[in-house]
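K.L.:
take a look and give me a structure for this.
(one chain, ligands or ions: 2)
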Amino acid sequence: MQLREVEVFALRMRLRHAFETSFGREDDREFLLVRAESEDHTGWGEVVVSRDPFYCYETVATAESVLHDYLVPWAMAKPVAHPDDLGERFAQVRGHQMAKAGLEGALWDIYAQERGESLAKALGGTKSTIEVGISIGIEPTADLLLAQVERFRNEGYRRFKIKIKPGLDYERLKAVRDRFGGVPMMADANSAYTLGDLDLLRRLDDLDLMMIEQPLGYDDIVDHAELQRSLRTPICLDESIHGPEDLRRAIALGSGRILNIKIGRVGGLSAARRCHDLAQAAGWPVWCGGMLESGVGRLHNIAITTLPGFTLPGDTAASSRYWQEDIIEPEVTVSSEGTITVPTAPGIGHRVKEDLVRRMSHAHFAMRA
Ligand code: OSB
Ligand code: MG
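P.N.:
Ligands and ions are numbered 1, 2, ... in the order given. Below you'll find the model as predicted:
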């Protein structure tokens, strides 16, 4: 495929329910959308950055700059035979995985449309429905947390991820365990602890959690290995894995036993697929994480989750969990059994409300080949 035009839109979307983690609180999502046009097709990708560099170093501003100055011109410079080839073309830019992933995602959408296949099928996915869970932020009180779990359990979600931070951890999780019995649940600490908290982390073993996600440093795989040796609960890595090479090292060290794959964090769908393959070979189950995506990123998440190694429910909830109005049509819905039906139309498979995107976007650039 040869790109004719790439447009990048900056969006700010109000979350229906503020989302708080150990690193901060988000009331609005600020992120970028990429619209890429080839001779015959239009593809969409989402750059899952935030306004602030609190989850990782990338932000709306860094992604906008790197896309404008390097990645978009390089993607348009000559034809792309396969989206897998972009990794090499982008390699001179170190890091900036989310910026790379957003643009690569738009090319994957085009590539799938060219083949007349759904994005899931083009990636080699095998499922027609996927199982999903939900990620619940740090709520102001334990009662409000319990009310959230209750609501989402009634809606059908298959597993509950509860955000924790020091002081709001064991008791909160215990309250959920006591109220809801054996529900599949896990905790996500977003790097809020150190090995100095070993006693507390060990107590979490009593709660029969499916896993504890990223308890230690955002860039650590050594302390996590030590912690995993002293915990029964599997550790799931999120922040510290930025691609297949990080994963290879983490597997070698035993830094965990499960991987959260976020397409943006690992640098795109091609890298996500390679992480999936590596994890599968090592016997690590994987699941698809989320970055409070709009419909565009959500559809990419659904597609990657159809690969066979995604054996645990992910964080890909319904559009309505996040947005008053999503930017895709139809919106993503979750059945009362906690499943999402994988789109079968070519590419990402749902229509992007382009007029709405153009009206909502507060900054924009376009480049032509
Ligand atoms: O750590 O998985 C995380 C959201 C923003 C930043 C980091 C994380 C999250 C989530 C939400 O847990 C997942 C979602 O519902 O999209
Ligand atoms: Mg996480």
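K.L.:
please tell me how far residue 22 sits from ligand 2.
P.N.:
10 Å (CB to the ion, to the nearest Å). Where C-beta positions appear, they are placed from N, C-alpha and C, glycine not excepted.
K.L.:
so who does that residue touch?
P.N.:
Applying CB atoms under 8 Å, 6 or more residues apart in numbering, we find residue 22 in contact with 138, 163, 164, 165, 166, 189, 190, 191, 192.
K.L.:
surely residue 30 forms part of a strand?
P.N.:
Yes - counting by DSSP: H, G, I helix; E, B strand; the rest coil, residue 30 is located in a strand.
K.L.:
now it: closest residue in space, sequence neighbours ignored.
P.N.:
residue 51 (4.2 Å; CB to CB, 6 or more residues apart in numbering).
K.L.:
number of residues surrounding that neighbour?
P.N.:
Residue 51 has 14 neighbours, counted by other CB atoms under 10 Å.
K.L.:
quick revisit: for the contacts of residue 22, give me TSV that also has neighbour count, secondary structure and pLDDT.
P.N.:
What follows is the contacts of residue 22, written out as TSV (neighbours: other CB atoms under 10 Å; DSSP: H, G, I helix; E, B strand; the rest coil; pLDDT from 0 to 100):
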residue	neighbour count	secondary structure	pLDDT
138	19	coil	98
163	24	strand	98
164	24	coil	98
165	18	strand	98
166	12	coil	98
189	22	coil	98
190	21	coil	98
191	22	coil	98
192	20	coil	98
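K.L.:
got the phi/psi numbers for the residue nearest to residue 30?
P.N.:
Main-chain torsions, residue 51, degrees, to the nearest 10: phi -70, psi -40.
K.L.:
so how far is ligand 1 from it?
P.N.:
The gap separating residue 51 from ligand 1 is 12 Å, by CB to the nearest ligand atom, to the nearest Å.
K.L.:
which residues touch residue 253?
P.N.:
Residue 253 neighbours (CB under 8 Å, 6+ apart): 221, 222, 225.
K.L.:
before we move on, back to that, wait, which of the contacts of residue 22 is closest to residue 6?
P.N.:
Using CB to CB, residue 190 comes nearest to residue 6 of the contacts of residue 22, at 32.3 Å.
K.L.:
and the residue of the chain found nearest ligand 1, how many neighbours?
P.N.:
Ligand 1 sits closest to residue 290 of the chain, with a gap of 2.3 Å, by CB to the nearest ligand atom. Neighbour count for residue 290, taken as other CB under 10 Å: 22.
K.L.:
so how far is residue 46 from it?
P.N.:
Using CB to CB, to the nearest Å, residue 290 is found at 11 Å from residue 46.
K.L.:
now do the contacts for the residue of the stretch 151-300 of the chain found nearest ligand 2.
P.N.:
Residue of the stretch 151-300 of the chain nearest ligand 2, by CB to the ion: residue 238 (3.6 Å). Contacts for residue 238 (CB under 8 Å, 6+ apart) come out as 188, 190, 213, 214, 260, 262, 265, 289.
K.L.:
swap in residue 192?
P.N.:
By CB under 8 Å, 6+ apart, the contact list for residue 192 reads 22, 23, 164, 165, 166, 215.
K.L.:
okay, and the last one sits in which element?
P.N.:
Meaning residue 215. Residue 215 belongs to no helix or strand when assigned by DSSP states H and E.
K.L.:
for it, what are its contacts?
P.N.:
Residue 215 makes contacts with 189, 191, 192, 193, 197, 201, 224, 227, 235, as judged by CB under 8 Å, 6+ apart.
K.L.:
what's the closest non-adjacent residue to the last one?
P.N.:
Among residues not flanking residue 235 along the chain, residue 256 sits closest, at 3.8 Å (CB to CB, 6+ apart).
K.L.:
per-residue pLDDT, the one you found?
P.N.:
Looking at residue 256, its pLDDT is 98.
K.L.:
please renumber the chain so that the first residue is 25 from this point on.
P.N.:
Shifting the count to begin at 25 puts that one at residue 280.
K.L.:
can you give me the neighbour number for it?
P.N.:
Neighbour tally, residue 280, other CB under 10 Å: 28.
K.L.:
against residue 300, how distant is it?
P.N.:
Separation of residue 280 from residue 300 (CB to CB): 15 Å.
K.L.:
A strand includes residue 186, no?
P.N.:
Yes - according to three-state DSSP, residue 186 belongs to a strand.
K.L.:
shouldn't it be in contact with residue 214?
P.N.:
No - at 11.8 Å, residue 186 does not count as touching residue 214 under the criterion of CB atoms under 8 Å.
K.L.:
centre of the chain to the longest helix along the chain, how far?
P.N.:
Scanning the chain for the helix with the most residues, using DSSP state H, yields helix 121-139. How far helix 121-139 lies from its chain's middle: 15 Å, per CA atoms, centre = their mean, to the nearest Å.
K.L.:
next up, the contacts around residue 25.
P.N.:
Taking CB under 8 Å, 6+ apart, one finds 62, 63, 65, 103, 104, 131, 134, 135, 138 in contact with residue 25.
K.L.:
identify the residues contacting residue 271.
P.N.:
265, 283, 299, 302, 303.
K.L.:
next SSE after the host helix or strand of it?
P.N.:
Take DSSP H and E as the rule and residue 271 turns out to sit in helix 268-277. Later in the chain than helix 268-277, the nearest helix or strand by DSSP H and E is strand 282-285.
K.L.:
for the residue nearest to the residue of the chain closest to ligand 1 when sequence neighbours are not counted, what are its contacts?
P.N.:
The spatially closest residue to residue 314, leaving aside those adjacent along the chain, is residue 339, at 3.8 Å (CB to CB, 6+ apart). Residues near residue 339 by CB under 8 Å, 6+ apart: 156, 157, 158, 159, 185, 311, 312, 313, 314.
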